[in-house]
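Engineer: got a predicted structure plus its sequence, pasted below:
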Amino acid sequence: MREVFAETPLQRNEHLSQRYDANIFLKREDLTPVRSYKLRGAFNAMRKALIHNPKINQFVCASAGNHAQGVAFMCRHFGVKGAIFMPVTTPQQKISQTEKFGGASIVVNLTGDYFDDTLAAAQAHCSQIGGYFLSPFDDDDVIEGQASVAVEISQQLGDCPDRIIMPVGGGGLSSGVRSYFRNETDYTLVEPSGGACLKAALEVGKPFKLNAIDNFADGAAVARIGEKTFARLADLDPSSVISVAEDRLCTTMLEMLNVEGVVLEPAGALAVDALKDVAGDIAGKTVVCVTSGGNFDFERLPEVKERAQRHLGVKKYFVLRLPQRPGALKEFLAMLGPEDDIARFEYLKKSARNFGSVLIGIETSKATNFAELEEKLGHAGFDYRDITNDEILAQFLI
């Protein structure tokens, strides 16, 4: 593996260490050539497959992101052909990165609006041409490749950490690292709330497919954990698996960017965000957080900021029934405090009626300012509704 790419740094983070009164290290998998750990598993699985059968005519995979880039990178390295299937909805940035890493060695096929359709097309193509299908996580050789993260941590630290915190998607990274360290350390495995497939599997004792997932943390938003990965994680204490809300995750992404200058994708920030949940158990201990990926499209930054503000309670959206009389708007504006800022103002309906509905978004410096504003609205007799956390209305109006 060292002939292909250098080990990733294990960096002590002073900012986090001071906050949690612990020795916090970041295993910077966001600094691999493809900005994620995925090329480790791709390298190991493809290397072994070619040793076993040097005449493999094509590697095939289905992925909307990091796995595709890892496979593309390794196709170019080994000088073999690859077919990368990606959903039609995949952002252009990820498609371009995959094409850059693979060059002439790969062909990107955009098919299917949903990943299940993409996966089915990839598997059908693989069967048709007699290719080699490379799973993103549910493969023994992929799992073994991801375990190289643990080997490096052990070598760089010179010891086993007291705790390792890792994100979980399909389970390739976590099962690989745990297979290496076994019970020599404590584990905290972190899933996005909208894709908590390991937690669901532990509850029923076998891999279980979630009815729906939230794709915001796309690097870890998996509907069903792998069979082979779950076999290595099935004896985990369920209390060691936690779920992180996507909006809260955004606060950590922004903090790491603004304070540390570290760009992390949503899944890559899961381990750092989980420090908030284990803060009471890690004082004085050595903790390694695996920052699993940094493939972040900065076009998503406004969304990340928006979600972070809403989680912190410093941005809210209201539907306000505004009396249609002269001075009503001025009266409302006078209720805003010196730290309140209107971020959005839109009439939802204009008519000759006595009241009109207004969608208004307000940003402020601290959450308590909203209590003061709402109290003023109530005293003045303004009818309003807070729709910040109303998923259906927010989806259509915000």
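Structural biologist: Everything's here; your move. Numbering: from 1, shown residues only.

Engineer: backbone dihedrals for residue 133, both of them.
Structural biologist: phi -90, psi 130 (degrees, to the nearest 10).

Engineer: repeat that for residue 321.
Structural biologist: Main-chain dihedrals, residue 321, degrees, to the nearest 10: phi -90, psi 110.

Engineer: same deal with residue 252?
Structural biologist: Torsion angles, degrees, to the nearest 10, at residue 252: phi -70, psi -40.

Engineer: mind starting the numbering at 154 from now?
Structural biologist: I'll keep to 154 as the first residue from here, and by that count the last item is residue 405.

Engineer: where do the strands sit along this structure?
Structural biologist: Counting by DSSP state E, the segments of the chain that form strands are 163-165, 176-181, 212-215, 235-239, 259-263, 285-286, 316-320, 339-345, 394-397, 439-444, 468-476, 494-500, 508-516, 536-539.

Engineer: remind me which residues of the protein are low pLDDT?
Structural biologist: For the chain, residues meeting the criterion pLDDT under 70 lie at 502-506.

Engineer: let's have the strands of the chain in a markdown table, adding mean neighbour count.
Structural biologist: In this view, the C-beta of every residue, glycine as well, is placed from N, C-alpha and C. As requested, these are exported to a markdown table (neighbours: other C-beta atoms under 10 Å):
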| stretch | mean neighbour count |
| --- | --- |
| strand 163-165 | 15 |
| strand 176-181 | 24 |
| strand 212-215 | 27 |
| strand 235-239 | 25 |
| strand 259-263 | 17 |
| strand 285-286 | 18 |
| strand 316-320 | 26 |
| strand 339-345 | 24 |
| strand 394-397 | 21 |
| strand 439-444 | 26 |
| strand 468-476 | 19 |
| strand 494-500 | 12 |
| strand 508-516 | 18 |
| strand 536-539 | 14 |
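
Engineer: out of the ones you listed, nearest to residue 377?
Structural biologist: Nearest to residue 377, of all the strands of the chain, is strand 339-345, at 12.5 Å by C-beta to C-beta.

Engineer: residue 394 reaches residue 321, doesn't it?
Structural biologist: Yes: proximity of residue 394 to residue 321 meets the contact threshold set by C-beta atoms under 8 Å, at 7.3 Å.

Engineer: overlap in contacts of these two?
Structural biologist: Taking C-beta atoms under 8 Å, 6 or more residues apart in numbering as the criterion, residue 394 and residue 321 both touch 342-344, 351.

Engineer: and of those residues, the nearest to residue 474?
Structural biologist: Nearest member of the shared contacts of residue 394 and residue 321 to residue 474, counting by C-beta to C-beta, is residue 344, at 40.6 Å.

Engineer: so which of the strands of the chain gets nearest residue 359?
Structural biologist: strand 394-397 (15.3 Å).

Engineer: partners of the closest one, with directions?
Structural biologist: Partner strands and pairing direction for strand 394-397 (DSSP bridges) are strand 339-345 (parallel).

Engineer: with just CA atoms, put the partner strand into PDB.
Structural biologist: The C-alpha trace of strand 339-345 is given here as PDB (Å, rounded to 0.1, in the frame of the first residue of the first chain):
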ATOM      1  CA  ASP A 339     -13.300   1.200  23.800                       C
ATOM      2  CA  TYR A 340     -15.300   2.100  20.700                       C
ATOM      3  CA  THR A 341     -17.800   4.800  19.900                       C
ATOM      4  CA  LEU A 342     -19.500   4.200  16.500                       C
ATOM      5  CA  VAL A 343     -21.400   7.100  15.000                       C
ATOM      6  CA  GLU A 344     -24.300   7.100  12.500                       C
ATOM      7  CA  PRO A 345     -26.300  10.000  11.100                       C
END
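
Engineer: could you give the separation of it from the chain centroid?
Structural biologist: Computed by C-alpha atoms, centre = their mean, to the nearest Å, the chain-centroid distance of strand 339-345 equals 13 Å.

Engineer: check stretch 541-551 too.
Structural biologist: Stretch 541-551 has its C-alpha centroid displaced from the chain centroid by 22 Å (C-alpha atoms, centre = their mean).

Engineer: just the helices from the stretch 154-303 of the chain, written as ranges.
Structural biologist: For the stretch 154-303 of the chain, the helices defined by DSSP state H, counting those that start in this stretch occupy 167-173, 191-205, 219-231, 245-255, 268-282, 293-299, 301-310.

Engineer: tell me the domain ranges of the protein?
Structural biologist: What automatic domain parsing lists as the domains of the chain is 163-189+294-457, 210-283, 466-550.

Engineer: can I get the ones you listed in JSON lines with distance to residue 198?
Structural biologist: Listed next are those as JSON lines, based on distance: least, C-beta to C-beta, whole Å:
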{"stretch": "domain 163-189+294-457", "distance to residue 198": "4"}
{"stretch": "domain 210-283", "distance to residue 198": "9"}
{"stretch": "domain 466-550", "distance to residue 198": "39"}
